[in-house]
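**Student:** let's see this in three dimensions:
(one chain, ligands or ions: 1)
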Amino acid sequence: MTAYIGSATSRVDGRAKVTGEARYAGEFSIGGLVHGYVVESTIPRGRVVRIDATEALAVSGVIDVLTHQNRPPMADKDSAYKDETAPEKGAPYRPLYDDVIRFSGQPLALVLADDWETARIAASMVKIEYKKEPHTTDLHAQRAEAFTVDKPEKPRGDAAKALAAAAVRHEAEYFIPTEYHNPMELFASTAVWDDDHLTVHDKTQGVQNVQQYLCGVFKMKSDEVSVMSPYMGGGFGSGLRPQYQVVLAVLGALALKRPVRVMLTRAQMYALGYRPATIERLALGANGDGTLVSMRHEAIAVTSQFEEFSRNDTGWGNLLYKTPNAKFEHKLVKLDVPTPCDMRAPGAATGVFALECAMDELAVALKSDPMHLRLQCYSDRHQGEDVPYTSKQLRECYREGAASFGWDKRNAEPRSMRDGSDLVGWGMATGVWEALQMPATVRIVLSANGHAEVSTAASDIGTGTYTIMAQVTADMLGLPIENISVRLGDSTLPQCPLEGGSWIASSVCNAIANTARAVRADLLKIANKAKDSPLAGVDVGDVALVDGKIFSKRDAGRSMTIAGAMLAGKADRITCEETNKPNEDKSHARNVHSAVFAEVKVDEELGIIRVTRVVNAVAAGRILNLKTARSQIMGGVVWGIGMALHEEALHDHRFGRVMNANIAEYHVPVNADIHDIEVIFVDEQDPLVNPLGIKGLGEIGIVGVAAAIANAVYHATGKRVRDLPITLDKVIQFD
Ligand code: MOS
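**Tutor:** Have a look, this model is predicted:
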């Protein structure tokens with residue numbers, strides 16, 4: 001049953017992607033297509049007094065300029081704008097709704113023209129008169145205004161008292177700046193009218209989420225709107241919520257009754273969601289022998305004035321390290337900025353960075369090896385819930401990662417290891433994320449000729465969903481993978497949640513298993529319509545499909561080909577639809593873990609940092625595809641390198657604007673920054689987490705990486721940098 005599951009199968013959509021056959025949201029060429037270009041606010045807060053589009057409208061080829069004053073009707077209730085992943089508290093932003101300006105870069109007008117260049121030049125001629133209001137975009141300046149939000153992590157014991165009494169203490173503040181997803185593909189939507197049906201090609205991680213949202217915003221019926229997103233050039237969380245360009249494209253299409261495409265520029269995408277700048281305060285107390293006695297973790301993060309976005313930053317220590325006293329607090333500061341959103345391992349990427357740097361600092365204070373300290377404090381239980389894990393092969397991650405990295409050859413003394421003029425540093429950190437499963441429905445259509453189509457409304461955001469679905473279906477139906485076609489990214493397909501949270505693989509593959517079982521049952525029933533069926537009386541639990549045949553597992557001689565069975569039952573296809581059954585059992589915690597080891601080489605004179613080696617050992621249950629799984633972890637490590645050394649949105653707080661809204665000045669790692677990355681998958685069999693033992697891999701790859709690098713930089717230089725990114729000016733020693 002496992003010819004494909006666990007193998008290194010190449011992407012089944014790879015050819016379509018490299019040949020350009022795969023079309024993205026901004027690539028649908030339709031006769032009469034109108035192009036929209038967004039005019040954004042240049043101020044962060046205030047009101048629109050007047051929009052003068054006279055000059056823009058006079059440009060030949062310009063069809064219309066939409067503003068809040070002349071746009072088609074939109075819903076006036078907040079609930080209509082709440083999508084599946086909108087923050088619970090607050091009122092979602094309504095694109096082009098009224099004259100209120102809530103953030104710089106907010107769309108204020110949409111220029112519609114025959115071609116994109118015309119729309120763009122005309123957009124530069126739209127004049128906007130503002131009434132400015134005082135704004136604030138600086139987290140540090142507004143820190144005193146922070147308010148606490150409810151989180152499930154409850155305090156234990158008396159963390160303050162235990163800290164005060166601890167033999168060894170470490171207290172510090174860490175900072176992660178605002179970071180952007182910067183997917184390669186620009187956000188785009190193409191809205192097409194056809195006989196009063198609206199079809200939207202959208203860049204999104206959730207077609208059904210956008211479909212429901214559009215129905216709400218435009219008061220349309222479910223069957224009047226379909227949303228398509230079969231391919232995405234990266235999302236990383238930026239496509240979880242409907243983005244404003246989809247509303248603008250639909251507004252244009254409704255106004256003109258013509259197909260309209262709105263594609264954002266890279267700069268405009270800096271007015272979408274982002275990873276919120278976060279201050280993380282850690283206080284750890286230990287006995288002299290290295291037992292943890294107190295842990296306090298406080299996060300202070302940015303949100304917008306109109307929504308309260310927050311994730312779990314502070315709870316991860318509860319999962320990793322045993323301590324009788326603990327306190328966690330998450331605070332928010334409202335600023336005149338767009339609402340932050342999920343970005344790869346939201347909360348964990350930031351919170352675990354701080355926690356794992358703090359653990360390293362505690363190890364230094366204890367004169368202990370950092371990995372030894374983690375093993376000493378290792379928790380076999382989720383302490384907040386006081387339950388064990390379905391599986392937690394984290395000890396094995398430390399062991400295999402350390403062995404491959406050569407951790408035992410580390411000289412603990414900072415600045416003690418060298419390579420010519422470079423200081424060499426070795427650091428490590430732990431990673432942790434959730435292993436979730438969400439309800440998803442999968443349809444399988446098995447044809448008499450031994451082909452199967454498997455479909456659900458998920459999007460493949462580049463993670464490999466098409467491929468793992470083809471693998472699992474092929475194995476479960478006993479067919480060659482070439483006989484499987486996968487359909488995704490269409491809101492009319494069976495229900496599927498957003499592609500996010502690393503939950504799609506477990507959700508969809510377990511749903512495939514249930515659907516394949518139903519297909520086998522149907523096939524058996526059909527086969528038994530044959531006179532003298534060789535499978536007569538065979539129980540459905542005793543049949544398997546292999547090599548295009550259905551046979552009895554007890555007596556392999558009793559079999560029929562798929563074609564033969566269908567002929568017997570006078571059927572040319574079998575269609576089944578089943579849902580997975582997410583485990584509601586609260587008696588176990590479900591998590592994925594990793595141990596990250598990093599080597600940096602720091603030029604002693606110039607402070608230039610290179611990450612020369614990273615070993616990431618991951619325990620994530622059953623690995624469905626070694627190739628796509630490794631790609632996910634490698635991609636996460638690359639992000640971690642960017643987080644540690646490069647990424648930072650810079651704001652000019654006088655104007656409330658991002659200054660480096662492009663990927664020339666917002667630095668991301670390039671090929672030259674990436675050296676040796678080794679990915680290890682630790683064996684982890686977990687029949688408890690879900691029937692197939694799948695945990696998901698989309699996010700764990702980034703968690704812990706920035707901390708491992710920061711810890712390595714300390715080891716190399718003796719300089720502890722607690723605010724990211726670690727740039728050369730922060731490490732260079734002027735003496
Ligand atoms: Mo992910 S941040 O849930 O796309």
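**Student:** stretch 285-297: end-to-end distance?
**Tutor:** Across stretch 285-297, the terminal residues are separated by 12 Å (C-alpha to C-alpha, to the nearest Å).
**Student:** now I623. Its backbone dihedrals?
**Tutor:** phi -90, psi 120 (degrees, to the nearest 10).
**Student:** quick check: residues of the protein near the ligand?
**Tutor:** 205, 235-237, 240, 342-344, 346, 500-501 (C-beta under 6 Å from any ligand atom). For the C-beta atoms, the positions are set from N, CA and C on the backbone; glycine is no exception.
**Student:** which one of the residues you listed sits closest to P439?
**Tutor:** Relative to P439, the closest of the residues of the chain next to the ligand is G501; by C-beta to C-beta it sits at 13.1 Å.
**Student:** closest one of the residues of the chain next to the ligand to D223?
**Tutor:** Relative to D223, and with distances defined as C-beta to C-beta, the nearest of the residues of the chain next to the ligand is Q205, at 23.0 Å.
**Student:** which non-adjacent residue is nearest the closest one?
**Tutor:** Spatial nearest neighbour of Q205, excluding adjacent residues (C-beta to C-beta, 6 or more residues apart in numbering): G239 at 4.1 Å.
**Student:** pretty sure the one you found sits against K203.
**Tutor:** Yes. Counting by C-beta atoms under 8 Å, K203 is a contact partner of G239 at 5.8 Å.
**Student:** if we can go back for a sec, okay, the residue nearest to Q205: pLDDT?
**Tutor:** With respect to pLDDT, G239 has a value of 98.
**Student:** can you give me the helices for the stretch 301-450 of the chain?
**Tutor:** Assigned by DSSP state H, counting those that start in this stretch, the helices in the stretch 301-450 of the chain fall at 316-320, 348-366, 370-376, 394-405.
**Student:** endpoint to endpoint, stretch 222-239 covers what distance?
**Tutor:** 21 Å.
**Student:** please apply the same query to stretch 692-703.
**Tutor:** 24 Å.
**Student:** how about stretch 27-39?
**Tutor:** End-to-end for stretch 27-39, by C-alpha to C-alpha: 22 Å.
**Student:** for stretch 455-472, same thing?
**Tutor:** Span of stretch 455-472 from end to end, C-alpha to C-alpha: 13 Å.
**Student:** what mean pLDDT does it have?
**Tutor:** 97.
**Student:** for stretch 636-650, same thing?
**Tutor:** 98.
**Student:** let me see the contact set for the closest residue in space to D64 that isn't next to it in sequence.
**Tutor:** Closest residue to D64 apart from its sequence neighbours, by C-beta to C-beta, 6+ apart: L112 at 4.7 Å. L112 sits next to 34-36, 62-66, 119, 252, 255-256, 260 when contact means C-beta atoms under 8 Å, 6 or more residues apart in numbering.
**Student:** same thing but at 6 Å, please
**Tutor:** Listed by C-beta atoms under 6 Å, 6 or more residues apart in numbering, the contact partners of L112 are 34, 36, 63-64, 252.
**Student:** if you rank the residues you listed by neighbours, which is first?
**Tutor:** G36 (30 neighbours; other C-beta atoms under 10 Å).
**Student:** tell me the phi and psi of that one?
**Tutor:** phi -110, psi 140.
**Student:** surely it meets G252?
**Tutor:** Yes. Counting by C-beta atoms under 6 Å, G36 touches G252, with 5.0 Å between them.
**Student:** quick one on the thing from earlier: tell me the one of the contacts of L112 nearest the ligand?
**Tutor:** G36 (26.0 Å; C-beta to the nearest ligand atom).
**Student:** from L248, how far out is the closest one?
**Tutor:** 6 Å (C-beta to C-beta, to the nearest Å).
**Student:** quick check: neighbours shared by those two?
**Tutor:** 110, 262.
**Student:** and the average pLDDT for stretch 488-498 is what?
**Tutor:** According to the model, stretch 488-498 has a mean pLDDT of 98.
**Student:** which of the residues in that stretch are buried?
**Tutor:** 488-491, 493-498 (16 or more other C-beta atoms under 10 Å).
**Student:** distance of the closest residue to F681 other than its chain neighbours from the ligand?
**Tutor:** Counting by C-beta to C-beta, 6+ apart, the nearest residue to F681 once its immediate chain neighbours are dropped is I623, at 5.0 Å. Separation of I623 from the ligand (C-beta to the nearest ligand atom, to the nearest Å): 19 Å.
**Student:** ok, now I680?
**Tutor:** Going from I680 to the ligand by C-beta to the nearest ligand atom gives 23 Å.
**Student:** now do the SS call for that residue.
**Tutor:** Under DSSP: H, G, I helix; E, B strand; the rest coil, I680 falls in the strand class.
**Student:** what about it, neighbour count?
**Tutor:** Using other C-beta under 10 Å, the number of residues around I680 comes to 20.
**Student:** what do you get for the one 10 residues further on?
**Tutor:** The burial metric for N690, expressed as a neighbour count using other C-beta under 10 Å, is 25.
**Student:** so E173 sits in a strand?
**Tutor:** Yes. Using three-state DSSP, the assignment for E173 is a strand.
**Student:** grab the nearest non-local neighbour of it.
**Tutor:** R281 (5.1 Å).
**Student:** from the ligand, how far out is that neighbour?
**Tutor:** Applying C-beta to the nearest ligand atom to R281 and the ligand gives a distance of 24 Å.
**Student:** A helix includes that residue, no?
**Tutor:** No. Looking at R281 with three-state DSSP, it is strand, so not inside a helix.
**Student:** is it correct that it is in contact with E298?
**Tutor:** Yes. At 4.2 Å, R281 and E298 qualify as touching, with contact defined as C-beta under 6 Å.
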